[in-house]
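Visitor: Need coordinates for the below:
(chains A and B)
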Amino acid sequence: MATLLRQLAHLTWLETKIFVREPLGVFGSVAVPVLLFLVVGRIAGGSADAAATAPEASGGSPRGDLAFLQTDLPLFAAILITLSAVLSLVTIIAIYREGGILRRLRATPVRPPTILLAHVLVKLAFTAATLALLVLAGRRFYPVGVDAPLLSFTLALVIATWSLLSIGFVIAGIVPTARFAQPLGALILYPMIPLSGLFTPIDTLPPALEALARLLPLTYAVSLLRGIWTGETWWAHAGDVVALGVVFALATAVASRVFRWE
Amino acid sequence: MRADHVVEVDALRKAYGRTVAVADVSFTVRRGEIFGLIGPNGAGKTTTLECVEGLRAADAGRIAVLGLDPIRDRRALQLRIGVQLQEAQLQKRIKVWEAVAFWRSLYPAPADGDSLLGQLGLDQKRNAWFMTLSGGQKQRLFIALALVNDPEVVFLDELTTGLDPQARRAIWDLVRGIRERGKTVVLTTHLMEEAERLCDRVAILDRARIVDIDTPAALVARHCPQRTVVVATDFDAAAARFRALPTATSVRSDGRRHEIAGRGDALVTDVIRTISEHAMPVAEFRTELPNLEDVFLTLTGRSIRA
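Guide: Numbering: from 1, shown residues only, chains lettered A, B, ... in the order given. All right, here's what the predicted structure looks like:
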């Protein structure tokens, strides 16, 4: 056990260093989301500010802008960052498989789950760093104070990310080559967004789509994240946590069957 | 299992679907030798090696490496063998020292990383990213990784494929160095010159089967005993003198140049004696010896390059 943890720590640190060396690695996964967040926040924040100072003069819907800033934008950022972490994991595993890196590692005493876990930890670390920066950026630049339970939200995000990453393993198990990994992963993951309830509540969807939405793991991730962000109790979202746990268990079981090392 | 038998393979069989990659392959590797599995691409060399390394499960047959079963005792065996895989890569941006350090962390009693890099001529490249290494440097790094646990047996799969002749020779010296440190080496190659220069014994594989096993010299002597001596001389009766030799089986002459074919080393001696007895003025003298390529051609009726 001590050996396993030592190997995991070593490999996680090694993969972190390697990821930082990627030309677009840190910039793409940390800087771009933060910058985007700031730009969007500035634009929406400006109009929300104006609406807040002159409520009677505003003919629009200041409530809508405020809600967007306070809830939707942070949620949207969290979901997108999580999904891009999943995509990046899928791509890395596909590249490692195609390049024979997994095959080479399999000929050593390192246990396969250690390799995958190291990548998950790197992704989680960078996701957490990005979100921490987002929160700081929000605190610093946002005209409106966001009063969210950050600790609980982080925990909810870890649960959601873990569950979505397990889907990444299934995708990584079935993509034939590294070239297909990114597009195929995007094709599976991104269509979940409009159905997840992120923009429109799922009970306003047509019944067929609503039924489909209830099958998608992202729906439960959004429900859990939104609920915790807006201060609802964990108890109210126990169902979401269970659903995400079931997804994790199922996807891990499927992944361990379909996963190929070469 | 005899004490000096490091690898024993008995009636190994492996198929992928309907394609039989290895059919009834048996061989033994002795402690301290460089043993080569040779043959054209697709002959079953890599499949055989990967079954021995425990990376693939055989369909039938028995394999023992250091007395262990490669699949059942995989964990125990991994600590005692070193492996270099065909066409493997590492992370593009991993540094040479980082790869060695990580590999060392996987074994309980690893070899010294710095001296390993020094022995393989990589000390100048310690901080280089894997992607910036030349083909020869990458292969040297893979040899370093295969040696990191101070293994008793080292498996090298198509080690020099794609390297230029100079890099290839440097790698050969390194492999001889591994044997000199008392380790056993099992390698595959489709380069007959490599097998001839490097291997103590070779098994020739063709179409999933072993055709013959022996030292390169013994294989040549057994299957291609013919020698050809080419002599150019202005001596008038040279052709008649050479034809009179009991060891010569055929002589082709175009007046001045004679190709004398026969069997065994005695032919060469006889030709030299004849030249000297008649004080022939010699402008050219060359002996042509068959090599493993000729052996392969004789045994299979096909050129190994085809």
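Visitor: only C-alpha atoms for contact and neighbour calcs from this point on.
Guide: Fine.
Visitor: Let me know how buried the closest residue in space to residue B:223 that isn't next to it in sequence is, in neighbour terms.
Guide: Excluding its sequence neighbours, the residue lying closest to residue B:223 (C-alpha to C-alpha, 6 or more residues apart in numbering or on different chains) is residue B:295, at 5.9 Å. Neighbourhood size, residue B:295 [other C-alpha atoms under 10 Å in any protein chain shown]: 24.
Visitor: what ranges of the chain fall below the confidence cut-off?
Guide: Unless you meant another one, I'm taking chain A. Where chain A drops to pLDDT under 70, the residues are A:44-69, A:140-147.
Visitor: wrong one, I was asking about chain B
Guide: Low-confidence segments of chain B (pLDDT under 70): B:1-2, B:305-306.
Visitor: which SSE is the residue nearest to residue A:175 when sequence neighbours are not counted in?
Guide: In space, and not counting its chain neighbours, residue A:175 is closest to residue A:181: 5.7 Å by C-alpha to C-alpha, 6+ apart. In this structure, residue A:181 sits in helix A:178-189 according to DSSP states H and E.
Visitor: Now do the contacts for the residue of the stretch 101-250 of chain A found nearest chain B.
Guide: Chain B sits closest to residue A:101 of the stretch 101-250 of chain A, with a gap of 5.2 Å, by C-alpha to the nearest C-alpha. By C-alpha atoms under 8 Å, 6 or more residues apart in numbering or on different chains, the residues touching residue A:101 are B:88, B:89, B:90, B:91.
Visitor: change it to 6 Å
Guide: Residue A:101 sits next to B:89, B:90 when contact means C-alpha atoms under 6 Å, 6 or more residues apart in numbering or on different chains.
Visitor: the strands in the chain, which residues?
Guide: Answering for chain A, as no chain was given. Using DSSP state E, no strands are found in chain A.
Visitor: The intended chain is chain B.
Guide: Using DSSP E, the strands assigned to chain B run over residues B:5-16, B:19-30, B:34-38, B:60-65, B:81-84, B:153-157, B:184-189, B:201-206, B:209-214, B:226-233, B:248-253, B:257-263, B:282-288.
Visitor: Can you lay out these as CSV showing distance to residue A:158 and mean neighbour count?
Guide: As requested, these are exported to CSV (distance: least, C-alpha to C-alpha, whole Å; neighbours: other C-alpha atoms under 10 Å in any protein chain shown):
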stretch, distance to residue A:158, mean neighbour count
strand B:5-16, 42, 18
strand B:19-30, 46, 18
strand B:34-38, 51, 27
strand B:60-65, 45, 19
strand B:81-84, 38, 24
strand B:153-157, 43, 25
strand B:184-189, 47, 24
strand B:201-206, 54, 24
strand B:209-214, 54, 18
strand B:226-233, 74, 20
strand B:248-253, 83, 17
strand B:257-263, 78, 21
strand B:282-288, 73, 12
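Visitor: Setting aside sequence neighbours, what's the nearest residue to residue B:268?
Guide: Nearest residue to residue B:268, sequence neighbours excluded (C-alpha to C-alpha, 6+ apart): residue B:229, at 6.7 Å.
Visitor: Show me what the one you found bridges to in the sheet.
Guide: As for beta bridges, residue B:229 partners with residue B:260, residue B:287 under DSSP bridges.
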